[in-house]
Structure formats: structure tokens, C-alpha cells
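Asks: I would like to see how this sequence folds:
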Amino acid sequence: MRISTASILAVACTAATASAFTPTHLSGNALVSRSTSARRHSISASIPTSTSPSALPSTTNPISSDPAIQELYKRKPRPEYIPGHIPDPDYVRIFDTTLRDGEQSPGATLTSSEKLEIARNLAKLGVDIIEAGFPIASPDDFNAVKQIADIVGNEVFEDGYVPVIAGLSRANEKDIARAWDAVKGAVRPRIHTFIATSDIHMKSKLNKTPDQVVEIAVNAVTFAKSLGCNDIEFSPEDAGRSDPEFLYRVLGEVIKAGATTLNIPDTTGWNMPWEFGELIKKLRENVPGAENVVFSTHCQNDLGLATANSLAGALNGARQLECTINGIGERAGNASLEEVVMSLALKGDEQFKGGPGTGKLYTAINPV
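Replies: Residues are numbered from 1 along each chain as shown. As a prediction, the model looks like this:
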């Protein structure tokens, strides 16, 4: 069954009503099912189709003059965006990969115009980074990512916010150059490159030695930087099953090469929250140069623990959490954006002490 744009946008619209998403953008009631099956099936909903630029960069509700109502519709303040550094250690960046990993959900097929519409709504919601796709995958995917970078990546809101637009690439020059061509038109472009680091993946999938994987990873980040990209995310695929000592080595080397965000994926949804949290803690303590990058999580939901693992990562110092609308994604899906954001909104100021900062974690997405 095809997952419609309405399925994804209904959740984004519902969550964004308090984040510069005014009632004039809604045409009827968006009814969203939060059952497990809803992650993989269509949701009947009435959603907006207006995408005129004049309707987009609003941070207040123009309909009401009530200051209390206006306050609800203001986007939360966020620290200045700096690749590799968050000025406030309590701030958690939200990285949405609905348009990339989410489209790998069974039955999910999106046109370029649908992707643009979703990206615009994600920007209204206030996500920090939008992973717009995998540009090398097809000409259509390249065009969709480029369109989002050129349009959404240049629509600056009243408060100065504009989302980072990321493109995914494997760790080779052809992929990376294609990703850069797609995203470089954005105000804040990012290349996200990856290579597997677990023993089973290196041996059985890549047929590479650890030394070769380190060399490929370093060359990939070096090449991305040579293109003019200063915001480079690196992911050691299947990190949740990788040897921590090898992760210390490869991550330290890509930091030297210019990586600014280290994304730690539980690619197969294998880890328990205490395992994954401990992994993030160990990486922050043992990777050379760890203080110069932002640590991120990307957790799959095969055991139903994607949100729990993401939050365990935040507890132990991850300050970027990757997620999707309604948790859609490959196999059982990803961490759910609405679950992650609401968990931090309700518990962020009391249950996350122990990592950097005061332990009062927050995002810039306004919940109601």
C-alpha cells in the first residue's frame, strides 16, 4: 500500500500548529493514528497544499491578537547554528530523515512536488536539519534534493532560522560530488557520508580490511571538504555492532579530516538502551577530538527501541537525534520525531543529567 503525502504531512501539520504553522494553512481536521500499524499504512487526513513563499516564513499566528495565543505560535529560540559546535550544550538538534530513510518504508513513494511540500512543512515545524534524499540514487532523487535545497534551504524565517539541507552519499567521490551538487544551493548545505564499520559488514558486504575502511572514510571526508563543504556528517554504519576500539580509531581520523558531526547508527535495531547509551558515552570519552564535533544518533526500530535508544544517546551526550515523522522508515522504522520531541519537552529538564551542560535538554520545536 502506498504511503501518501497526507500520511506524513498529517503528523507534521498536527505537531507544527504551535511552531509558526498558522490555522490558515490547515484545511480541515488532521486525524492521525499513532498505532504501530499507522507507521506503515496510509492515514486519512485533510492537509494543506499551499506552498507560496509568502505563506511560509511566519513565526506568529496572524489571526489572533491575544498575546498568549501569539506566544504559542512563536518558534522557540535556538542557539546560533555552527557546524560541529552547539553554543548551548543543553540544546538538541533535530535531524529529520523522513525524505530519505522514511521513503525506504514499505509502500512509500513520493514525487518531487510531494517531497518539496513535506520539506516546507518540516521547516515550519522547525527541524534543524532536513535530510532531503540520496542524490546518487536516481535523477529524480537528485532533482528533488536540489529543489529542496534551492527553495526550502533559502527560505529564511523571521527569526533567522533556515534549515540545514543534507544529502546522503556513500564514501566515494562520485556519490559525494553528486550530493554536493544537489545541496550546495542551500544557505546551510551538509554532506552526510557513511561506510560500514562492523566486522560482519566489512567482511561480508564490503570485503575490506579495517585499514582499508579507515582510508576510505578519511578520503571521503577529505574530498567532501575539498569541494567547499564545511558541514560534513560521517556515519560508521552498523556502529551498534562495531568494535568500540575500531570506532575510536576511524572516528578520530575522520575528525582530523574535517568531519563536524559524528552520527552513530544502530543500523539493525540491535542495541538495548543501556548498551547504546554506554556506547555514546565511551565514544565521547575516547575518540580523539570528540570535543570538536557534535555526536548524533540514528536508531532503527526493529526491537521497538528506536526512541528509547535515541533518548539514551541524549542522556549520554548526543546532541543531534535523527528521526522521522511517525517513525516511518526501512523495515520496522526509525525513531519517531514526535515521540523524541515530546519526551524532551516533558522530561528534558529533569531526566537527562549526566552529560554535558546542565542536563535541562530542549529542542526548538514548540509542543502543545
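Asks: For the stretch 101-250 of the chain, which segments count as helices?
Replies: 112-125, 139-151, 173-183, 199-201, 210-226, 244-257 (DSSP state H, counting those that start in this stretch).
Asks: Could you pull out the buried residues of the shortest one?
Replies: Right, the one you point to is helix 199-201. Neighbour-count burial for helix 199-201, with 16 or more other CB atoms under 10 Å as criterion, is recorded at His201. (Each C-beta comes from the backbone N, C-alpha and C, glycine too.)
Asks: elements contacting it?
Replies: Using 3 or more CB pairs under 8 Å, 6 or more residues apart in numbering; DSSP states H and E, no helix or strand is in contact with helix 199-201.
Asks: who touches that helix?
Replies: With contacts defined as CB atoms under 8 Å, 6 or more residues apart in numbering, helix 199-201 is touched by Glu237, Asp238, Arg241, Ser242, Asp243.
Asks: State the pLDDT value of Leu72.
Replies: Listed pLDDT for Leu72 reads 70.
Asks: Give me the distance between it and Ile328.
Replies: Going from Leu72 to Ile328 by CB to CB, to the nearest Å gives 27 Å.
Asks: Tell me which of these two has more neighbours.
Replies: Shown here are Leu72 and Ile328; by other CB atoms under 10 Å, Ile328 has more neighbours (29 against 15).
Asks: Go through the contacts of helix 199-201 and flag which are in strands.
Replies: Among the contacts of helix 199-201, the residues falling in strands (DSSP state E) are Glu237.
Asks: Mark which of the contacts of helix 199-201 are buried, thanks.
Replies: The buried subset of those - by 16+ other CB under 10 Å - is Glu237, Asp238, Arg241, Ser242.
Asks: For the last one, give me its contacts.
Replies: Contacts for Ser242 were tallied using CB under 8 Å, 6+ apart; they are Thr197, Ser198, Asp199, Pro236.
Asks: My read is that the second one contacts Pro244, right?
Replies: No - here Ser198 lies out of contact with Pro244, judged by CB atoms under 8 Å, at a distance of 11.3 Å.
Asks: so how many other residues sit close to Asp141?
Replies: Asp141 has 24 nearby residues by other CB under 10 Å.
Asks: so how many other residues sit close to the closest residue to Gly317 other than its chain neighbours?
Replies: Nearest non-adjacent residue to Gly317, counting by CB to CB, 6 or more residues apart in numbering: Gly355, 3.9 Å away. For Gly355, the count of nearby residues is 22 (other CB under 10 Å).
Asks: Equivalent analysis for the one 3 residues further on, please.
Replies: Neighbour count for Thr358, taken as other CB under 10 Å: 12.
Asks: how about the strands in the protein?
Replies: So, for the chain - with DSSP E - the strands run 93-96, 129-133, 164-170, 189-196, 232-237, 261-266, 294-299, 320-323.
Asks: quick one, which of those is packed in tightest?
Replies: A comparison of those by mean neighbour count, using mean count of other CB atoms under 10 Å, puts strand 129-133 on top with a mean of 30.
Asks: In contact with the spatially most central residue of the chain, which residues?
Replies: With distances taken as CA atoms, centre = their mean, the residue of the chain nearest its centroid is Phe95 (2.0 Å). Under the criterion of CB under 8 Å, 6+ apart, the neighbours of Phe95 are Val127, Asp128, Ile129, Glu131, Ala166, Ser296, Gln320, Leu321, Glu322, Cys323.
Asks: Could you do Leu262 as well?
Replies: Leu262 neighbours (CB under 8 Å, 6+ apart): 233-235, 251, 254-255, 283, 287, 290, 293-296.
Asks: For beta bridges, what are the partners of it?
Replies: Counting by DSSP bridges, Leu262 is bridged to Phe234, Phe295.
Asks: His192 now?
Replies: With DSSP bridges as the criterion, His192 is bridged to Leu168, Glu233.
Asks: unless I'm mixing things up, it is touching Val164, no?
Replies: No - judged on CB under 8 Å, His192 makes no contact with Val164 at a distance of 10.2 Å.
Asks: which of the helices of the stretch 101-250 of the chain sits most buried?
Replies: Greatest average neighbour count among these goes to helix 112-125 (a mean of 24), per mean count of other CB under 10 Å.
Asks: tell me the angle that one makes with helix 139-151.
Replies: Put simply, helix 112-125 runs at 40 degrees to helix 139-151, going by axes from the mean of the first three to the mean of the last three CA atoms, to 10 degrees.
Asks: helices or strands next to helix 112-125 in the packing?
Replies: Packing contacts for helix 112-125, counted by 3+ CB pairs under 8 Å, 6+ apart, involve helix 5-16, strand 129-133, helix 139-151.
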